[in-house]
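J.: based on what follows, work out the 3D shape:
(6 chains)
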Number of protein chains: 6
Amino acid sequence: MRANLRAADALRDIRITRHYTRHAEGSVLVEFGDTKVICTASVEENVPGFLKGKGQGWVTAEYGMLPRSTGSRMRREAASGKQSGRTQEIQRLIGRSLRAVVDLPRLGERQILIDCDVIQADGGTRTASITGAFVALHDAVGTLLASGRLAESPIRDFVAAVSVGMVKGVPLLDLDYVEDSGCETDMNVVMTGAGRFIEVQGTAEGAPFSRAELDGLLGLAEKGIRELIGHQQAALGG
Amino acid sequence: MRANLRAADALRDIRITRHYTRHAEGSVLVEFGDTKVICTASVEENVPGFLKGKGQGWVTAEYGMLPRSTGSRMRREAASGKQSGRTQEIQRLIGRSLRAVVDLPRLGERQILIDCDVIQADGGTRTASITGAFVALHDAVGTLLASGRLAESPIRDFVAAVSVGMVKGVPLLDLDYVEDSGCETDMNVVMTGAGRFIEVQGTAEGAPFSRAELDGLLGLAEKGIRELIGHQQAALGG
Amino acid sequence: MRANLRAADALRDIRITRHYTRHAEGSVLVEFGDTKVICTASVEENVPGFLKGKGQGWVTAEYGMLPRSTGSRMRREAASGKQSGRTQEIQRLIGRSLRAVVDLPRLGERQILIDCDVIQADGGTRTASITGAFVALHDAVGTLLASGRLAESPIRDFVAAVSVGMVKGVPLLDLDYVEDSGCETDMNVVMTGAGRFIEVQGTAEGAPFSRAELDGLLGLAEKGIRELIGHQQAALGG
Amino acid sequence: MRANLRAADALRDIRITRHYTRHAEGSVLVEFGDTKVICTASVEENVPGFLKGKGQGWVTAEYGMLPRSTGSRMRREAASGKQSGRTQEIQRLIGRSLRAVVDLPRLGERQILIDCDVIQADGGTRTASITGAFVALHDAVGTLLASGRLAESPIRDFVAAVSVGMVKGVPLLDLDYVEDSGCETDMNVVMTGAGRFIEVQGTAEGAPFSRAELDGLLGLAEKGIRELIGHQQAALGG
Amino acid sequence: MRANLRAADALRDIRITRHYTRHAEGSVLVEFGDTKVICTASVEENVPGFLKGKGQGWVTAEYGMLPRSTGSRMRREAASGKQSGRTQEIQRLIGRSLRAVVDLPRLGERQILIDCDVIQADGGTRTASITGAFVALHDAVGTLLASGRLAESPIRDFVAAVSVGMVKGVPLLDLDYVEDSGCETDMNVVMTGAGRFIEVQGTAEGAPFSRAELDGLLGLAEKGIRELIGHQQAALGG
Amino acid sequence: MRANLRAADALRDIRITRHYTRHAEGSVLVEFGDTKVICTASVEENVPGFLKGKGQGWVTAEYGMLPRSTGSRMRREAASGKQSGRTQEIQRLIGRSLRAVVDLPRLGERQILIDCDVIQADGGTRTASITGAFVALHDAVGTLLASGRLAESPIRDFVAAVSVGMVKGVPLLDLDYVEDSGCETDMNVVMTGAGRFIEVQGTAEGAPFSRAELDGLLGLAEKGIRELIGHQQAALGG
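T.: Numbers count the residues shown, from 1 in each chain, chains lettered A, B, ... in the order given. Next up, the predicted model:
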């Protein structure tokens, strides 16, 4: 039985709070149940060196966890002097996922820097980050449109992400920390509003998984992401 | 004229929210107006190497700012690979301030690690951090008392902190970012419930200051800290 | 048309040379066409701190590229003082893939460290690394069996990996560098001898991909991995 | 009783030796009793990035201790790969203190870099550094005036620093290492020739201190700094 | 008795394989017995900052060892985040040795970067590196000549290197690992085709050595280097 | 003509001042003309990990330069976060040179750490460091003998070092900075009181050097080192 009597194919309570902090062009608190992430989007009127003069923009992301966002305190990465491999994997994934729905030439020679900072973790921090970051990105683009710096939005589609996994032989949607720790297979899926995949990352934590299990998990993820995009639309359009 | 018609000797709106996140033994959101800091206190049943076998505990602190807690995005310290001198100064100050009101032998051979993470900055982040961290520390000690690991509290007094400064010749209490940027003298004061000083750090940002100006600022700080301790008492006793 | 008139579903020339260098317990040169990786396996009679006293072993991996393994010289990571996010992603993937086929308690309290060093790169370095590292691991386990330190092998199955991708709408097996640079979707698949998945990592480099495309790529990967495992068996059993 | 029968309000023997080493534009050995610091001032015809084109100069400082300047050998910061928080606090303090008496626009677009290296430590290394660095700075400005690169000095006043502290209830001037280790309150004061404060940093090492104690320490510091400035004047004018 | 009945004044089997990998302008596998080093030479059309606009080129080198090139696995320098003092000494030596036979102004404003990566170590890795790197450098210059970017070669002479040492009172040429570990004196000598010295580095590992012993070792090294240059000439086809 | 009309085979003015600073077990200021180095020797009652339980001691060295010991200010290595290759070469050389005259088992399980810090540089800082460090080491051993921790000295012989070089075809002893910058060949020689070599490091900075030139330089170095050992004996025995 899942916590709060949740069904196997149900998301946790999803909340997306825009304008959460005051300085950033986009600032969102995203909550997937007890997982809470502050996602900000900052506009900078320059591009990284490798894009100078190429006539296009860039979207990149950084990710962090507050030391006590977790059950036992993690070492602060700023104090240890480097970001872990896990942190780097996640921030590369967030950046790729967002770039996949942005028309970079249409963004112009500027970049949008996404910061995803986990203030409370209960599984699914990377998928919550992607889902919230899209809304922050959308708001940052909104400020560019409002100020006339952009004439039309470079955002081509929605994007959201969710985790799915096999737990004791049962496929579950949107794993919390306890489920994630005990699952045999963990899969993170990033998908667009049009129902096409941006990333599929499945990992056998215990026993390897069959093609049929993979197919089942993908179906579950598609359902969850459609719902998450509904939450994004409600937050943005409502 | 100060923002919101605030009087020269008035604090900003102070809010102290306990149990802000779920995992830490103490977790507080402290707000000094638009400055918002998450302060957590984590109990660990060990002590740093230099204290092993000495029969006493330790309290230490780390400090960070989310990259977009500020008006323009700051570089993430975890990404640049080191903490700035400013960060290190502040976290050393927070640690010293809290240790000054804790009876370390009575704490036993364990440590309490304080994390102060600024999610929105508008001046006074270090004084808000100390003020909120005390409440988080108090809650962490509360869990030790409740679980029987401590028989009596090692906390000897309250501690809070405030900034004061000379702005265009006028002494002001609890500077916001705009005031702080324009002040001639900036002073951070850390004081106990008994009205005794733990730290006094006055710096001439512009013209050096006279003894009379110093005396005026100290009086203003004493008033502010008495009020902040009232807020702490209300939060803890409420 | 692919280089060397290769069919869309054909691997490049695969060569696995055991005992390539002299010191390591397992040492393999693996070649996927022009991609050449030295994979060594080193046995150490200790385990990482987090496993001490847990009655199990560990398998971990590190990955590197010689600076001029590539078309233009890359900066040496030892000189720049840190490993890139890409390097860390790859070495974590290699380690996870191998651990998935090893019975870690049966390995005993010792670890096997895999080093994959690319001496010439032409796409698919991570999949060649996994495929070659399995053979090096097998040889290292062989030395443990031969010396009586292990009574039976902890290796439960074969494991190999291959990349697949959509290039101009055509699904291709085992991409070389030119194909990889131009593909719309890139997928790395890690699979066991029993035909079950350990990792599936699909990324849209250009346009997002559909479920049908994903299914087609998975089928192609399954075919390629079966052949790669045949090469491993030939190398080991020959 | 203090070492050498020193009175509570007496400085240690102060010696300021100009032209101590040969290459720097200003080079001073400053001695506060057994504390010995080499202070050099180097002129560079450029400014840090954040000041380019702003029509003003800069003064900054670095601080270090030889590993065996202390009773037991300290780890060399160049070997450990980073400067401690204490080092960074001190060098920021030295820089701020000197900038407070320099008219930066009048200095022109150049910077003066101060290096304070402690060759023997017996308490008060930061206050000796500030006191000696001022003389080195003065000599460096002298070379600019002598060569015609500056028409008039940008130095507006003298600056010196001293420590004061409560030891067993008695306020003492210019603490040596033994006194500093045993004091209840430690205060560093930086003051100008005009008797105005640049920095006041008081810290309760043991019991918090009262306003009356603070007032007493400030008076003692003022007396000591007046004498130190006398020593600077003698060294420069003599 | 030496391994393989080698005479005291004999080199190990020397093999120099050109065009070993495909991307670099020069790529050589050099073998001194069981010591195997990949030496590549990369041409870059720029120079380091300190040479910009000086009308000359540069040759520099980097050196590394695969973690399991040695009998017990060494820590990967990219993972530990810094190059050891030994690595830095060796790469500085390789660079100096090659620059000594190159007419840098005639090379033009470009640099040739040498990478020496040891894939199997059995003593003498630095001398093998220099000897192989010269051939890689020669091939890189060949590509510049062939493409017309250089009209005449800037290489003025051959250069090779060998180790010699006193082992149990006997002077030996080209020490392998076992001999090197047990020698009283170890000397590395770098010499040109004209028989002049570029570097002589003799170190007493055990007892200090006499002038007569030094003279004997130098004679042995001269003999060995003449033979190594013969191998280079044969490899280059001369 | 050399500075101060110095003869080609003459040392600069040599001064060795013992007990230069107060805390270290050995503390020496060594001056070779305008090159001034503080050498301290610190005794620690432990050994590095690789020697634990081996029944022998260790001698090691670190080297640094004050940022403005040189004509133009060098970057502080503690600030840049790493020691240069040159620094590491020099400190390894100092350590090897001293260990060559110490009977490490007789030293017992303790180590002596040498710190050589250049306060003013004018060429020959490494040779001055070795020469001064020997005297500091001798004094540190003296404290061990005086306190009864050692019954007899583990020092077997004197050791000193000097540079020699070919400048415009003339062999010169003990090069100053100007001579060192312009020399064709630079050689550093480390020798014992018994006239045997510990290190010979000759480098062609310009044209390669002949065997006859090498022989001439070695003779000059032997003369200089005999004189330097005379200075050490006078300093210690006086």
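J.: look up phi and psi at the residue of chain A found nearest chain E.
T.: Closest to chain E within chain A is A:Lys82: 7.8 Å, counting by CB to the nearest CB. Placement of C-beta: from N, CA and C, glycine included. Backbone torsions of A:Lys82, given as degrees, to the nearest 10, read phi -160, psi 160.
J.: who's in contact with it?
T.: Residues in contact with A:Lys82 (CB atoms under 8 Å, 6 or more residues apart in numbering or on different chains) are B:Ala78, B:Gly81, C:Lys82, E:Gly81.
J.: adding pLDDT, write the residues you listed out as CSV.
T.: Formatted as CSV, the contacts of A:Lys82 follow (pLDDT from 0 to 100):
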residue, pLDDT
B:Ala78, 95
B:Gly81, 88
C:Lys82, 89
E:Gly81, 87
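J.: scan those and report the most crowded one.
T.: B:Ala78 (24 neighbours; other CB atoms under 10 Å in any protein chain shown).
J.: did I read that right, that residue in a helix?
T.: Yes - B:Ala78 forms part of a helix when assessed by DSSP: H, G, I helix; E, B strand; the rest coil.
J.: once you drop chain neighbours, what's closest to it?
T.: Counting by CB to CB, 6 or more residues apart in numbering or on different chains, B:Ala78 lies nearest to A:Glu77, which is 3.6 Å off, once chain neighbours are set aside.
J.: A:Ala140 touches A:Leu113, doesn't it?
T.: No - under the criterion of CB atoms under 8 Å, A:Ala140 makes no contact with A:Leu113, lying 9.3 Å away.
J.: need the overlap of contacts for these two.
T.: By CB under 8 Å, 6+ apart, A:Ala140 and A:Leu113 have these common neighbours: A:Ala41, A:Ser42.
J.: which SSE is A:Asp117 in?
T.: Assessed by DSSP states H and E, A:Asp117 sits inside strand A:111-120.
J.: that strand and chain C in contact?
T.: No - judged by CB under 8 Å from any CB of the partner chain, strand A:111-120 stays clear of chain C, getting no closer than 15.3 Å.
J.: close to chain B, is that strand?
T.: Yes - applying CB under 8 Å from any CB, one finds strand A:111-120 in contact with chain B at A:Leu113, A:Asp115, A:Asp117, A:Ile119, A:Gln120.
J.: now stretch A:7-25
T.: Yes - with CB under 8 Å from any CB as the measure, stretch A:7-25 is seen reaching chain B through A:Thr21, A:Arg22, A:His23, A:Ala24.
J.: was I right about the third one contacting B:Leu66?
T.: Put plainly, it is A:His23. No - with contacts counted by CB under 8 Å, A:His23 stays clear of B:Leu66, the gap being 9.8 Å.
J.: spell out which parts of chain A neighbour chain C.
T.: A:82, A:85-86, A:88-89, A:91-92, A:96, A:100, A:187, A:191-192, A:194-204, A:207-211, A:214, A:218, A:222.
J.: quick one: buried ones out of the residues you listed?
T.: A:82, A:85, A:88-89, A:91-92, A:96, A:100, A:187, A:191-192, A:196-204, A:208-209, A:211, A:214, A:218, A:222 (16 or more other CB atoms under 10 Å in any protein chain shown).
J.: so of those, which ones are in strands?
T.: Members of these lying in strands (criterion: DSSP state E): A:Met187, A:Met191, A:Thr192, A:Phe197, A:Ile198, A:Glu199, A:Val200, A:Gln201, A:Gly202, A:Thr203, A:Ala204.
J.: may I ask which of those comes out lowest in pLDDT?
T.: Note: of those, the lowest pLDDT belongs to A:Ala204, at 92.
J.: isn't that residue up against C:Ser97?
T.: No - contact status for A:Ala204 versus C:Ser97: not in contact, 9.1 Å apart, counting by CB under 8 Å.
J.: list residues touching both of the two?
T.: C:Ile198, C:Glu199.
J.: which two among the ones in strands among the buried ones among the residues of chain A next to chain C are spaced furthest apart?
T.: Maximum pairwise distance among those (CB to CB): 26.3 Å, between A:Thr192 and A:Ala204.
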